[in-house]
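Asker: need a structure here:
(one chain, ligands or ions: 1)
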Amino acid sequence: MISLRRKTDIAVVGAGLVGSLLSIFLARRKFAVDIFERRPDMRTESVAAGRSINLAVSTRGIHALKKAGLDDDVLKHAVPMRGRMIHPIEGQLAYQPYGKDDSEYINSISRAALNKTLMTHAEETRLVDIHFNQKCTGMDIDKGIITLFNEPENQYADVVANIVIGTDGSASAIRQDMCKQKSYQCTESELDYGYKELVILPEKNGEFKLEKHALHIWPRGTFMLIALPNFDGSFTCTLFLPWEGPISFEKLKTPEEVGRFFKEQFPDAVPLLADLEQTFFDNPTGHMVTIKCAPWNVEERVLLLGDAAHAIVPFFGQGMNAGFEDLTILDQCIQDHIAQGGALYINRRSRENEQETLSRRIQEGSSGWARVFDDFVAKRKIDTDAIADMAVENFIEMRDKVAVPKFQLEKAVEKILQKEFPGSYLSRYSLVTFSNVPYSFAMKAGIANDEVLAELCADITKPEEVDLKRAQTLLKTKVAPLLEQHSEELFVSAR
Ligand SMILES: Cc1cc2nc3c(=O)[nH]c(=O)nc-3n(C[C@H](O)[C@H](O)[C@H](O)COP(=O)(O)OP(=O)(O)OC[C@H]3O[C@@H](n4cnc5c(N)ncnc54)[C@H](O)[C@@H]3O)c2cc1C
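Answerer: Purely as a prediction, here's the structure:
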């Protein structure tokens, strides 16, 4: 049975990271929001936090948290990661700093703790109501009606909303209904790799068993293990492995196979991993997908944000950061609209007077939201497409290129250029992670960097042979003019 339950001005579907922070941004502008979340309340019930136990938050994410006044609250429970610690099968660990100095680092935070903090702050605004156990099963886009299923009560309900914002993640129910619209474009490219989370517990005295301020990587050509520190002294490890093939999840079907594989490939991690075989089979194996769709909005009626609009593979640590940056940019579009004298109001609508509302909307024109949404999508899509492509490239880089001597030479020369020409050479990683420049610009600058590196490395075999004079000229002609375009957004520290 479906009951017509309620009406709402702005319905946000999904109280994950992006949905919760979005509602705080909207409440700060005095809009009332109802969030409908599929899961129970994770603050009072034990709920799996979903994908990846911890996440790296960097400049773009922090910038959005700062705008919402939450950066200090969130970062006090973060563990700074200042570089990568590479674990070879044999031999010495190798440490590679992330930034030009100690001021540039990424932060490991607990997904669940962050989500809980955001939900609590949202509710504290008193303009946000979060409704749990409300799984959206679909949306009638023309009528602005979302259908919700309350699993514990086995009950469906309809909600009539003037504006619906889908922040329901990569498998978004809202996006699926948008896909039914005529000439809607959507591609979902699944990676032929899966991931599995494992854990390294803290020492008995609570100390970290590995270097605390690093993201640990065990790169093995076609697969890898990584570990991020948690605030409680543990590490969450993630194994990225092909689904099929000679070394793959399909070959790890028994505890013996898992134990043997880890002993061969990650010998120094084995004594640290807690209940390896048990955890391996208890934990689910996750999928990774890139989603590109267009448009993200239908007039003012519906808008997609975060993973619902642009899920990416996790190899740049930017999915959540990009979702948070959506909010900074959307908020800026609202600000611009208001600054230009535009109004923003809610076109009240209900099922009963649907026809009347539609004709009134035609007479009155847009409430302003359609303009804001159009402006946001026009500005933002090019950048999320760029980070989606860069994340896949980074995956290929980590998987195939790291072992290639030419690539290693170019990376070593890149380090020299960063040191010798601070501010004139910024790696693509730095531009993505430690600045707020548009992702599409980081991609463009990365291509220019690659050209410079290829030229400088064409006739050398060792990094110290690099011709610094030639480097200076190349940077001046190929890179500097680009960097000047975004000089203001470039030098932002990690916090
Ligand atoms: C292994 C891995 C590692 C990652 N590491 C990083 C990292 O280091 N840094 C980073 O920035 N990003 C990282 N990401 C990406 C990041 O997890 C996502 O980009 C981020 O979670 C997106 O937030 P979201 O709110 O858009 O979606 P989600 O976090 O997926 O939240 C969606 C919410 O909607 C709810 N929901 C779903 N369907 C419905 C429905 N039908 N009805 C109602 N509610 C619904 C869900 O329960 C959830 O609460 C990683 C991802 C993976 C898989």
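
Asker: the domain parsing of the protein - what is it?
Answerer: Domain assignment for the chain, taken from automatic domain parsing, gives 2-79+109-187+291-381, 190-288, 404-490.

Asker: remind me which residues of the chain are low pLDDT?
Answerer: 1-5, 48-51, 346-366, 399, 402-403, 491-495 (pLDDT under 70).

Asker: who in it is up against the ligand?
Answerer: When proximity is defined as CB under 6 Å from any ligand atom, the chain approaches the ligand at 13-19, 36-39, 50-52, 55-56, 135-136, 167-169, 173, 195, 238, 286, 288, 306-308, 314, 317-321, 323. In this view, the C-beta of every residue, glycine as well, is placed from N, C-alpha and C.

Asker: write a PyMOL command that selects only the buried members of those residues.
Answerer: The buried residues among the residues of the chain next to the ligand can be selected in PyMOL (16 or more other CB atoms under 10 Å) with this line:
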select buried, resi 13+14+15+16+17+18+19+36+37+38+39+51+52+55+56+135+136+167+168+169+173+195+238+286+288+306+307+308+314+317+318+319+320+321+323
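
Asker: so which of the residues of the chain next to the ligand belong to strands?
Answerer: 13, 36, 55-56, 135-136, 195, 238, 286, 288 (DSSP state E).

Asker: can you give me the helices for the stretch 201-350 of the chain?
Answerer: 255-265, 276-282, 307-310, 319-339 (DSSP state H, counting those that start in this stretch).

Asker: output the shortest one in PDB with nothing but the alpha carbons.
Answerer: The one in question is helix 307-310. Listed next in PDB are the C-alpha coordinates belonging to helix 307-310 (Å, rounded to 0.1, in the frame of the first residue of the first chain):
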ATOM      1  CA  ASP A 307      28.800  10.000  -6.400                       C
ATOM      2  CA  ALA A 308      25.200  10.000  -7.700                       C
ATOM      3  CA  ALA A 309      26.400  12.400 -10.500                       C
ATOM      4  CA  HIS A 310      30.000  11.400 -10.900                       C
END
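
Asker: and the contacts of that helix?
Answerer: Here helix 307-310 makes contact (CB atoms under 8 Å, 6 or more residues apart in numbering) with 14, 16, 18, 166-170, 172, 174-175, 291-293, 296, 319, 322-323, 326, 384-385, 387-388.

Asker: that one: how far from the chain's middle?
Answerer: Distance of helix 307-310 from its chain centroid, counting by CA atoms, centre = their mean, to the nearest Å, is 10 Å.

Asker: again, but for the first one
Answerer: The offset between the C-alpha centroid of helix 255-265 and the centroid of the whole chain comes to 31 Å, using CA atoms, centre = their mean.

Asker: and what of the last one?
Answerer: Put simply, helix 319-339 sits 15 Å off its chain's centre (CA atoms, centre = their mean).

Asker: list the buried residues for that helix?
Answerer: Using 16+ other CB under 10 Å as the test for burial, helix 319-339 gives 319-331, 333-334, 337.

Asker: if I pick the closest residue to the ligand within the stretch 51-200 of the chain, what's in contact with it?
Answerer: For the stretch 51-200 of the chain and the ligand, the shortest gap (CB to the nearest ligand atom) falls at Gly169, measuring 2.8 Å. By CB under 8 Å, 6+ apart, Gly169 lies in contact with 14, 16, 50, 306-308, 311.

Asker: quick check: the farthest pair among those residues?
Answerer: Gly50 and Ala308 (13.6 Å; CB to CB).

Asker: helix/strand/coil for the spatially closest residue to Leu474 that is not a sequence neighbour?
Answerer: Excluding its sequence neighbours, the residue lying closest to Leu474 (CB to CB, 6 or more residues apart in numbering) is Val452, at 4.7 Å. Secondary structure, DSSP: H, G, I helix; E, B strand; the rest coil: Val452 is helix.

Asker: which residue packs closest to Phe316, ignoring adjacent ones?
Answerer: In space, Phe316 is closest to Ala391, 4.5 Å off (CB to CB, 6+ apart).

Asker: wait, that neighbour sits on Phe315?
Answerer: Yes - with contact defined as CB atoms under 8 Å, Ala391 reaches Phe315; the gap is 5.2 Å.

Asker: wait, which of the domains of the chain is closest to Gly99?
Answerer: domain 404-490 (5.9 Å).

Asker: now the closest one: how far from the chain's centre is it?
Answerer: That offset, for domain 404-490, works out to 25 Å (CA atoms, centre = their mean).

Asker: what is the end-to-end distance of that domain?
Answerer: This stretch, domain 404-490, spans 30 Å end to end (CA to CA, to the nearest Å).

Asker: now stretch 271-285
Answerer: 22 Å.

Asker: ok, stretch 216-224 next?
Answerer: Stretch 216-224 has its terminal residues 10 Å apart, counting by CA to CA.

Asker: buried residues, that stretch. List them.
Answerer: 216-220, 223-224.

Asker: repeat for stretch 115-133
Answerer: In stretch 115-133, counting by 16+ other CB under 10 Å, buried: 115-119, 121-123, 127-128, 130-133.

Asker: so of those residues, which ones are in helices?
Answerer: Those of these mapping onto helices are 115-119, 121-123, per DSSP state H.

Asker: turn those residues into JSON lines, including distance to Asp101.
Answerer: Formatted as JSON lines, those follow (distance: CB to CB, whole Å):
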{"residue": "Asn115", "distance to Asp101": "32"}
{"residue": "Lys116", "distance to Asp101": "33"}
{"residue": "Thr117", "distance to Asp101": "29"}
{"residue": "Leu118", "distance to Asp101": "31"}
{"residue": "Met119", "distance to Asp101": "36"}
{"residue": "His121", "distance to Asp101": "32"}
{"residue": "Ala122", "distance to Asp101": "36"}
{"residue": "Glu123", "distance to Asp101": "40"}
